[in-house]
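In: Sharing a model that was predicted from the sequence below.
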Amino acid sequence: MNARKFSLPAAARDVEPIIPAGSDLEIYAWESDSELGGQAPCAAAFAGQSAKPLWRFRFPTAEARQRKIDETVSQRGAHAARKAQRATERRAFQHDFKVGDVLVSSWGYEQTNVDFYEIVSCSGSMVTLRQIAGECSPGDCAQADRVLPRPGAFLAGERGAPFRRRVCGGSHGSYVAIKSYSSASKWNGRPQYQTASGWGH
């Protein structure tokens, strides 16, 4: 038996699913005994390879059931179109990073940290980075330091070891994910600001 049918009542297990053209949906529609007597229209929708339904409802009328099915088909079609568009954009994306570029990452919770990275090699959509030192000076207020990168001043040990990342594109240009909580984009040449020593560091 189709694994999906195990999540459906017995009345639905012999029903042939509706498979809308051009979608990844599988929809089961059946009639179920109502607590008030008579038959109640029911339906469940599955998407992709999932054995768990997107939804499973009992409806007041067959018309209400059909509206829900039509709405789901429309929404799923729009979702598929957006997904295809993103895939096309990813394939067409070309970054402008080059060897020697400095990337900056500003991150932190309840304090701001600034890290700089230098690109040491490029290969297609991949870049190899090394973390470089930053030079701090007092900012315009006591709580913040101005930070500028020092290209070529690679950090010692593991922190300065080369690592590879795939370049991604977003609404603000190219970037790389550094960690799960931080990303880096091309440094704009202006001083960066981080929480000053004694105010969180």
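Out: On my side now, so go ahead. Predicted model, so just to flag it, every value in this text is computed and none were measured.
In: where's stretch 75-92 relative to the chain centroid, distance-wise?
Out: How far stretch 75-92 lies from its chain's middle: 13 Å, per C-alpha atoms, centre = their mean, to the nearest Å.
In: Just give the number of residues close to Phe116.
Out: Counted with other C-beta atoms under 10 Å, residues neighbouring Phe116 total 25. Using the backbone N, CA and C atoms, a C-beta is placed for each residue, glycine as well.
In: swap in Ala21?
Out: 6.
In: where exactly do the helices run in the protein?
Out: Per DSSP state H, the chain carries helices over the ranges 62-92.
In: show me where pLDDT drops low in it?
Out: By pLDDT under 70, the low-scoring segments of the chain are 1, 34-38, 139-142, 170-171, 198-201.
In: Give me the longest strand you can find in it.
Out: Using DSSP state E, we find that the single longest strand of the chain is strand 126-138.
In: Strand partners (parallel or antiparallel) of it?
Out: Strand 126-138 pairs in its sheet with strand 113-123 (antiparallel), strand 144-154 (antiparallel), strand 163-170 (antiparallel), by DSSP bridges.
In: for those strands, which one sits closest to Arg190?
Out: Taking C-beta to C-beta, strand 144-154 is the member of the strands paired with strand 126-138 nearest to Arg190, at 8.9 Å.
In: I would like the residues contacting stretch 80-98, please.
Out: Judged by C-beta atoms under 8 Å, 6 or more residues apart in numbering, the contacts made with stretch 80-98 from elsewhere in the structure are 22-24, 103, 119, 122, 125, 127, 167-169, 174, 186.
In: just how off-centre is that stretch within its chain?
Out: Stretch 80-98 sits 13 Å away from the centroid of its parent chain (C-alpha atoms, centre = their mean).
In: Okay, and the beta partners of Tyr175?
Out: On DSSP bridges, the residues paired with Tyr175 through beta bridges are Cys168, Ser185.
In: For ChimeraX, what selects the buried ones among the contacts of stretch 80-98?
Out: Selecting in ChimeraX just the buried members of the contacts of stretch 80-98, where the criterion is 16 or more other C-beta atoms under 10 Å, is done with this command:
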select :23,103,119,127,167,168,174,186
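In: Can you lay out the contacts of stretch 80-98 as a markdown table showing distance to Glu16?
Out: Formatted as a markdown table, these follow (distance: C-beta to C-beta, whole Å):
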| residue | distance to Glu16 |
| --- | --- |
| Gly22 | 19 |
| Ser23 | 16 |
| Asp24 | 17 |
| Leu103 | 55 |
| Ile119 | 57 |
| Cys122 | 54 |
| Ser125 | 45 |
| Val127 | 52 |
| Val167 | 47 |
| Cys168 | 43 |
| Gly169 | 44 |
| Ser174 | 49 |
| Lys186 | 55 |
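In: For Arg91, grab the count of nearby residues.
Out: Arg91 sits with 7 neighbouring residues when counted by other C-beta under 10 Å.
In: what does Ser180 give?
Out: As a burial measure, Ser180 scores 6 neighbours (other C-beta under 10 Å).
In: would you list the strands paired with strand 126-138 in TSV and tack on distance to Ala10?
Out: Putting the strands paired with strand 126-138 into TSV (distance: least, C-beta to C-beta, whole Å) gives the following:
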stretch	distance to Ala10
strand 113-123	58
strand 144-154	67
strand 163-170	48
